[in-house]
Structure formats: C-alpha cells, structure tokens
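J.: curious how this folds, go ahead:
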Amino acid sequence: MELVSRLAAAVAALTARHSRVLVGIDGPDAAGKTTLADRLAAELSGPVQRVSVDDFPRPVEERYRRGELSAEGFYLDAIDHDRLLAEVLVPFRNGADGAGPRTLVVDGIFLLRPQLRRLWHLSVHLRVPEQTVLARARQRDRSLYASLAELEQRYRARYLPGQALYRAEADPETGADVLIDNRDVSAPRILRWDAPDC
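T.: Numbers count the residues shown, from 1 in each chain. Have a look, this model is predicted:
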C-alpha cells in the first residue's frame with residue numbers, strides 16, 4: 001500500500017475511535033512535510049482542517065533576539081507554539097467547533113517537542129539527510145536570499161544546527177508514530193510504523 005493511502009487508513013481507524021483526530025507531519029526544513037500533509041488531506045474522506053506551522057511565526061524581534069544566525073534562537077524562538085496551541089490545537093481537540101471537520105492535519109518543524117508531543121493522535125517524522133535538505137533549499141528558497149552563499153550560511157549556521165538541538169531534546173525519530181526516510185520524495189521508505197492499520 002502506498003504511503004499516503006496507508007496514512008489515510010490509519011487516520012480512518014483513529015477517527016472510528018476518537019471524535020477529533022490530530023495528525024502532525026514533522027521534519028526538518030525542506031523535508032517534504034507540506035507536500036505529504038497536502039496529499040494526505042486530499043486522500044482523506046470527509047472535511048479536513050489543514051494548518052501549517054509556518055503560519056505561526058513569532059514577531060521578528062523575538063525570532064532574532066539571540067541573533068539572526070542563532071541555532072538556539074531558531075529552535076526556541078522561531079515558531080509561536082503557544083499561539084498554535086491556544087488558537088488551533090487545543091480548541092480543535094476539545095471540539096470548540098462541534099460541526100467542523102473531525103480531522104486536523106498540521107505540518108511543520110518542531111511538532112514533536114515536549115509541549116506538543118502528547119496532542120497528536122498520529123505523528124509522522126520525515127528523516128532527510130542534511131545534504132538533501134541543503135540541495136532542496138537551494139531550489140526552493142533561492143529567491144528568498146540575495147545569494148546562494150547567504151542561503152547556505154543561514155542553513156549551516158541556524159537551521160541545520162537548530163534541528164540538531166531539536167533532535168537532542170525531543171528525539172522526534174523515536175517519538176513519532178511513523179518514521180519515514182524521505183530523501184527520495186517519489187519513493188518514501190517507511191522505517192517504523194507504530195500507527196493503526198485497517
């Protein structure tokens with residue numbers, strides 16, 4: 001069974017047991033999180049709420065208070081996880097909108113950090129080697145930087161080391177229900193599956 005179909009079957013099994021199902025697609029920058037989350041949401045039957053962590057940045061002065069190239073600043077200050085919790089995750093889980101979708105699919109970085117880990121009914125972590133992340137970033141993010149050198153400096157000084165801090169604190173590969181090797185987006189490999197199957 002293809003990965004997206006298998007994930008959709010797992011969500012269907014969870015929906016049979018829970019009134020609301022929260023799915024988190026986690027991984028480093030340029031891992032393919034948004035693509036997988038969009039494909040999963042399209043595969044699911046019934047209405048789905050889609051959210052990206054990218055829509056919850058902290059204000060610039062908070063994101064860069066430790067320095068624009070700070071790895072610690074990236075991990076601790078880039079995303080407003082408290083706002084994500086208060087505005088989306090907790091209200092959805094508690095059924096604040098009783099008539100709304102029963103499934104929420106969230107993609108983003110740092111979704112398996114300690115404050116969020118227990119909220120997910122299904123969590124997926126995408127493993128992608130750093131060199132693959134850099135190669136994809138050169139393609140995807142090139143227009144965001146004045147030069148490739150600036151892009152690489154940002155990734156090597158801030159983003160990749162920030163992900164290393166996350167792995168050291170949260171161990172997302174162990175904490176995820178499903179671990180995927182996503183170095184080849186056309187042929188993702190399931191490394192571990194601790195999610196329901198139909």
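J.: my guess is Q49 contacts P91, does it?
T.: No: between Q49 and P91 there is no contact under CB atoms under 8 Å: 10.7 Å. No exception for glycine: its C-beta is placed from N, CA and C like everyone else's.
J.: shaky segments in this protein?
T.: Scanning the chain for pLDDT under 70 picks out 1, 96-99, 198.
J.: about what we covered before: okay, Q49 and P91: which has more neighbours?
T.: Between Q49 and P91, counted using other CB atoms under 10 Å, Q49 has the larger neighbour count: 17 against 13.
J.: so that one, which of the three states?
T.: At Q49 the chain is in strand, as set by DSSP: H, G, I helix; E, B strand; the rest coil.
J.: now for the longest helix along the chain, which elements pack on it?
T.: Criterion DSSP state H: the longest helix present in the chain is helix 3-15. Other helices and strands packing on helix 3-15, by 3 or more CB pairs under 8 Å, 6 or more residues apart in numbering; DSSP states H and E, are strand 21-26, helix 33-43, strand 122-127, strand 178-181, strand 189-193.
J.: what's in contact with the longest one?
T.: With contacts defined as CB atoms under 8 Å, 6 or more residues apart in numbering, helix 33-43 is touched by 3-5, 7-8, 11, 23, 25-27, 48, 50, 52, 105-109, 124, 126, 180, 182, 185, 188.
J.: same check on stretch 190-198?
T.: With contact meaning CB under 8 Å, 6+ apart, stretch 190-198 is reached by 3, 6-7, 9-10, 12-14, 122, 127, 176-181.
J.: contacting residues around the nearest residue to L116 once chain neighbours are set aside?
T.: Excluding the flanking residues, the one nearest L116 by CB to CB, 6 or more residues apart in numbering is H81, at 6.4 Å. H81 sits next to F56, F110, R113, Q115, L116 when contact means CB under 8 Å, 6+ apart.
J.: so which of those residues is the most crowded?
T.: Among the contacts of H81, the one with the most neighbours (other CB under 10 Å) is F110, at 24 neighbours.
J.: am I right that that one sits in a strand?
T.: No: F110 is assigned coil when assessed by three-state DSSP, not a strand.
J.: that one is in contact with G24, isn't it?
T.: No: in this structure F110 lies outside contact range of G24 using CB under 8 Å: 10.2 Å.
J.: so what sits against both of these two?
T.: Among the neighbours of F110, those also in contact with G24 (CB under 8 Å, 6+ apart) are L116.
J.: circling back: how about the longest helix of the chain: buried residues?
T.: Under the neighbour-count criterion of 16 or more other CB atoms under 10 Å, helix 3-15 has L3, V4, R6, L7, A8, A9, A10, V11, A12, A13, L14, T15 buried.
J.: check stretch 84-97 too.
T.: So, applying 16+ other CB under 10 Å, buried residues of stretch 84-97: L84, L85, V88, L89, F92, R93.
J.: quick one: it to chain centroid distance?
T.: Mean-position distance between stretch 84-97 and its chain equals 17 Å (CA atoms, centre = their mean, to the nearest Å).
J.: do the same with stretch 140-150
T.: For stretch 140-150, the distance to the chain centre is 22 Å (CA atoms, centre = their mean).
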